[in-house]
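Colleague: Have a look; sequence and predicted model below, questions after that.
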Amino acid sequence: MLSETALKNMGIRGLCDDSRKASPGDLFFALPGAQAEEFARIALSKGAVAVVGETEAPQDLASKWIRVSSVKEERASTAKTFFKDPFSKLSAHAVTGTNGKTTSAFLMDAMLSGEGRKTALLGTICKRIGDRVVASNLTTPGILELYAFAAEAVNAGCSDLVMEVSSHSLHQGRIQGIHYQSALFSNLTEDHLDYHKTMENYFQAKKLLFTHYLSEDGVAVINIDDAYGMRLFDEVDVAQKVSVSRLGNAKAVIVPQSVQSGEDGMILQVPAISEKPFQTGLVGEFNADNVLLVMSWAKSIGISENSIRQALNTVKVPGRFEMTFNDGSRRVFVDYAHTPDALERVLRVARTLCRGKLSVVFGCGGDRDRNKRHIMGEIAERDADFVWVTSDNPRTEKPEDIIAEIIGGMHSDHFKVIVSREEAIRAACKAMQAGDVLIVAGKGHENYQIIGKTKQHFDDHEIILREMC
Ligand SMILES: CC(=O)N[C@H]1[C@@H](OP(=O)(O)OP(=O)(O)OC[C@H]2O[C@@H](n3ccc(=O)[nH]c3=O)[C@H](O)[C@@H]2O)O[C@H](CO)[C@@H](O)[C@@H]1O[C@H](C)C(=O)N[C@@H](C)C(=O)N[C@H](CCC(=O)O)C(=O)O
Ligand SMILES: Nc1ncnc2c1ncn2[C@@H]1O[C@H](COP(=O)(O)OP(=O)(O)OP(=O)(O)O)[C@@H](O)[C@H]1O
């Protein structure tokens with residue numbers, strides 16, 4: 001393990017594990033792989049001072065090569081030393097699950113802020129320290145970026161960090177060495193099987209958060225309405241476990257007495273938390289799950305009822321069931337649903353708000369999880385009256401090929417294919433009549449479309465407003 005003095009003596013000014021981003025003064029971590037040495041040489045040519053690798057040092061690099069048994073472990077421990085152990089100075093709170101992470105993280109952050117605590121937030125939409133916000137590339141960044149972010153948060157005076165933890169990050173060790181004060185589990189449904197291959201592997205990755213990264217005195221808050229949540233609750237052995245169930249599972253400690261959902265939000269009666277009802281502007285059954293999970297967490301870590309209420313009343317999450325247009329009769333919502341479960345849940349909520357025809361515009365991402373495409377086609381056809389099948393970040397795949405897989409799951413004629421997302425949204429808007437609801441699903445807060453390897457500006461909201469106003 002490299003000490004602070006060793007790093008200082010070597011003149012290390014930064015840590016890097018990607019040769020494309022190497023800078024003078026960096027210590028480069030060459031992760032095992034066929035190109036490890038090649039990447040190390042590139043980093044050195046850009047001014048990196050030394051390389052940490054698992055293989056024997058190439059002869060000409062012997063003076064700059066530090067051989068270790070695990071580059072990943074060394075990277076985690078060096079990050080802790082270099083960034084002055086920021087996680088020991090923060091209360092870190094994590095949320096994981098297939099859907100609901102961003103919504104939950106926004107709520108958690110708002111509740112902590114309501115207590116007068118300065119917070120940092122890390123997730124799919126943004127990275128935020130106090131009032132400074134930048135867009136995110138990944139839900140959970142790489143470990144070096146994560147430590148740098150936490151150090152910045154500490155320097156800015158933050159006491160708490162709320163972050164979304166993806167299954168990829170758990171599997172790849174992006175949060176190695178971190179111990180959370182609390183961890184929440186929302187649900188586990190089909191997604192990311194291109195990466196994890198089986199639901200069992202996907203579950204085991206999520207479980208790591210509770211078995212490896214939750215502090216001994218930390219609290220686990222788990223939605224046991226979800227079958228994997230129930231299994232997780234039974235399998236994890238932590239000091240404090242809180243089980244939550246909207247559906248009234250007898251094993252749960254937090255169960256609502258009632259949830260009344262309308263088009264402007266919800267009223268929840270949760271006697272285990274307060275005798276007085278809670279109100280929120282978040283809409284729909286799936287958000288009731290998110291709200292209950294986070295309220296239970298807040299209660300278990302001692303957040304005041306006042307801060308819970310205030311957050312529930314004020315939090316809005318960009319691109320999550322966001323009403324982009326409403327003329328009192330026709331309503332268009334933009335939503336980030338890009339998994340089968342999310343699409344099903346969103347259409348179910350939309351149906352309750354719809355007095356006319358319910359339509360949906362959606363596509364599926366390229367270079368990702370082909371298996372979910374036909375399932376989403378099947379759900380869209382079953383739960384909407386009309387489906388506009390289109391493109392959504394095709395990346396390097398041909399959009400027509402992705403669409404063919406989606407419509408492989410559809411058997412009626414209640415759909416139309418329009419490859420251009422802009423044209424599909426415009427056509428769907430034009431077709432709307434009084435009482436209709438349109439869901440434009442998949443991109444949510446994203447203001448780009450990834451075609452090939454380039455990101456082009458694209459914003460569902462802009463197109464809807466241009467067409468409808
Ligand atoms: C599949 C996946 O998760 N890949 C992630 C992974 O890449 P990798 O290990 O395959 O890296 P690689 O490209 O083979 O390279 C190996 C090593 O060589 C380095 N390298 C690579 C190329 C080079 O020219 N020079 C160089 O030094 C890389 O930095 C890396 O250290 O590790 C990288 C560094 O942390 C990540 O940036 C990368 O995320 C890619 C870009 C990605 O798109 N990931 C998505 C799927 C993802 O992680 N999504 C989750 C889930 C979101 C959700 O729940 O919906 C997220 O947390 O965002
Ligand atoms: N508890 C939930 N159960 C099922 N679907 C949900 C839930 N919460 C939100 N959704 C749906 O999933 C979409 C994404 O929600 P959110 O951004 O909160 O999840 P996420 O876990 O952060 O997703 P991602 O990791 O893909 O960014 C929402 O737009 C909505 O369609």
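Modeller: Cool, got the structure. Ligands and ions are numbered 1, 2, ... in the order given.
Colleague: do the top helix by length along the chain and ligand 2 meet?
Modeller: Counting residues, the longest helix in the chain under DSSP state H turns out to be helix 285-300. Yes. Helix 285-300 comes into contact with ligand 2 when judged by Cβ under 6 Å from any ligand atom, the residues involved being 286, 289-290. Every residue, glycine included, has its C-beta placed from N, CA and C.
Colleague: mind putting these in CSV, pLDDT included?
Modeller: Supplementary listing: these in CSV, determined by pLDDT from 0 to 100:
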residue, pLDDT
F286, 94
D289, 97
N290, 98
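Colleague: Of those residues, which is the most crowded?
Modeller: Counting neighbours by other Cβ atoms under 10 Å, N290 leads those with 29 neighbours.
Colleague: Please name the residues that touch that one.
Modeller: 100, 103-104, 107, 186, 282 (Cβ atoms under 8 Å, 6 or more residues apart in numbering).
Colleague: State the pair within those residues that is farthest apart.
Modeller: In the contacts of N290, two members sit farther apart than any others by Cβ to Cβ. They are S186 and L282, at 13.9 Å.
Colleague: Looking at those two, which has the bigger crowd around it?
Modeller: A count of neighbours by other Cβ under 10 Å puts S186 above the other of S186 and L282, at 26 against 22.
Colleague: Test my guess that that one contacts G97.
Modeller: Yes. Applying Cβ atoms under 8 Å, one finds S186 in contact with G97, separated by 3.0 Å.
Colleague: any common contacting residues for those two?
Modeller: Listed contacts common to S186 and G97 are 104, 223, 226; contacts here mean Cβ under 8 Å, 6+ apart.
Colleague: Direction included, what does the host helix or strand of T324 pair against?
Modeller: In this assignment (DSSP states H and E), T324 forms part of strand 322-326. If you go by DSSP bridges, strand 322-326 pairs up with strand 331-335 (antiparallel).
Colleague: which strands and helices sit next to the next helix-or-strand element following the partner strand?
Modeller: Once the chain leaves strand 331-335, the next helix or strand it forms, by DSSP H and E, is helix 340-353. Under the contact definition 3 or more Cβ pairs under 8 Å, 6 or more residues apart in numbering; DSSP states H and E, helix 340-353 sits against helix 285-300, strand 331-335, strand 358-362, helix 371-383, strand 437-441.
Colleague: Give me the residues contacting the helix or strand that S307 is a member of.
Modeller: Here S307 is covered by helix 305-314, with elements defined by DSSP H and E. With contact meaning Cβ under 8 Å, 6+ apart, helix 305-314 is reached by 107, 110-115, 273-274, 276, 278-282, 291, 295, 298-299.
Colleague: do that again at 7 Å, thanks
Modeller: Residues from elsewhere that reach helix 305-314 (Cβ atoms under 7 Å, 6 or more residues apart in numbering): 107, 110-111, 114-115, 274, 278-281, 291, 295, 298.
Colleague: same check, this time on stretch 404-417
Modeller: With Cβ under 7 Å, 6+ apart as the contact definition, stretch 404-417 has outside contacts at 364, 370, 373-378, 381, 385-389, 403.
Colleague: Check the separation of the first and last residues in it.
Modeller: Distances were taken as Cα to Cα, to the nearest Å; on that basis the terminal residues of stretch 404-417 are 9 Å apart.
Colleague: can you check stretch 430-441 too?
Modeller: Taking Cα to Cα as the measure, stretch 430-441 stretches 17 Å from start to finish.
Colleague: Okay, buried residues for it please.
Modeller: By neighbour count, with 16 or more other Cβ atoms under 10 Å as the criterion, the buried positions of stretch 430-441 are 432, 436-441.
Colleague: Report whether it contacts ligand 2.
Modeller: No. Judged by Cβ under 6 Å from any ligand atom, stretch 430-441 stays clear of ligand 2, getting no closer than 7.2 Å.
Colleague: pLDDT value on A79, please?
Modeller: Looking at A79, its pLDDT reads 97.
Colleague: whoops, I mixed them up, E263
Modeller: Among the per-residue scores, E263 shows a pLDDT of 83.
Colleague: pLDDT at the residue nearest to it when sequence neighbours are not counted, what is it?
Modeller: In space, E263 comes closest to L353 once its chain neighbours are excluded; the distance is 5.1 Å by Cβ to Cβ, 6 or more residues apart in numbering. Note on L353: pLDDT of 92.
Colleague: do the one 4 residues further on as well
Modeller: At K357 the predicted local confidence, pLDDT, stands at 98.
Colleague: separation between it and R351?
Modeller: K357 sits 11 Å away from R351, taking Cβ to Cβ, to the nearest Å as the criterion.
Colleague: And for P256?
Modeller: As for P256, its distance to R351 is 22 Å (criterion: Cβ to Cβ).
Colleague: And these two? Which one has more around it.
Modeller: Set side by side, P256 and R351 show unequal neighbour counts under other Cβ under 10 Å, the larger going to P256 at 24 against 13.
Colleague: sec struct for that one, please.
Modeller: coil (DSSP: H, G, I helix; E, B strand; the rest coil).
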